[in-house]
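Peer 1: compute the structure for the input listed below.
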Amino acid sequence: MVSLITKRFNRALIIILTVLRWLLWMAISINIAIEGIELFLAKDVSHIAMSAIFFLLANVQIGLSRLLLSMEDSELAEQFLFISFFMISAAIIEIVDLGLDRAVTQLSTGSFIAAFTTVSIVEFISGVVATLLAGYSLDRMFVSMRRKVWQIL
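Peer 2: Here you go, the predicted structure:
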């Protein structure tokens, strides 16, 4: 009886992780659209919050890596540690993106149209790269978690 309940729970968890992957990529698409809107409006929306969230998620991934080491699953632990590097990189890029956004704000008031355009494009690209790195990291985390659940099942 317990085995049947555990199997149902694990299958439900697999479905939840699959749905989360789809929602993740929808959120990434929306965030990239927001970056595009920022490009045209020269507005700072959420760089500090995104950076903090990315650092927290990297910490979760590192914590899962430690848990897997205690479970003697060093291969999966190494994967979680590796994907946390992508998340940390995304967090740092978001901080740089904030600085670029401040530069865009300063350049928008002057007569530096070429510099304003160039920095705006670089700021947009850095925001997209940070979003994609974080998305990739979370996607791999969900895939790894689903694989672990399948192993347990």
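Peer 1: so which residue is smack in the middle of the chain?
Peer 2: Ala134 (2.1 Å; C-alpha atoms, centre = their mean).
Peer 1: quick one: the helices in this protein, in order.
Peer 2: Secondary structure of the chain (DSSP state H): helices located at 2-41, 47-70, 74-108, 113-152.
Peer 1: neighbours of the nearest residue to Trp25 once chain neighbours are set aside, how many?
Peer 2: Leaving aside its chain neighbours, Trp25 sits nearest to Gly135 (6.7 Å; criterion: C-beta to C-beta, 6 or more residues apart in numbering). Every residue, glycine included, has its C-beta placed from N, CA and C. For Gly135, the count of nearby residues is 21 (other C-beta atoms under 10 Å).
Peer 1: my read: Gly135 touches Met26, true?
Peer 2: No. The pair Gly135 / Met26 is not scored as a contact, 10.4 Å apart, by C-beta atoms under 8 Å.
Peer 1: which helices and strands sit right next to the helix or strand bottoming out on mean pLDDT in the chain?
Peer 2: When the helices and strands of the chain are compared on mean pLDDT, DSSP states H and E, helix 2-41 comes out lowest with a mean of 81. With contacts taken as 3 or more C-beta pairs under 8 Å, 6 or more residues apart in numbering; DSSP states H and E, helix 2-41 sits against helix 113-152.
Peer 1: just the buried positions in the helix it packs on, please.
Peer 2: 116, 119-120, 123-124, 126-142, 144-146, 148-149 (16 or more other C-beta atoms under 10 Å).
Peer 1: for Arg8, the count of nearby residues, please.
Peer 2: Using other C-beta under 10 Å: Arg8 sits among 10 other residues.
Peer 1: what distance do you get for it to Leu69?
Peer 2: 29 Å (C-beta to C-beta, to the nearest Å).
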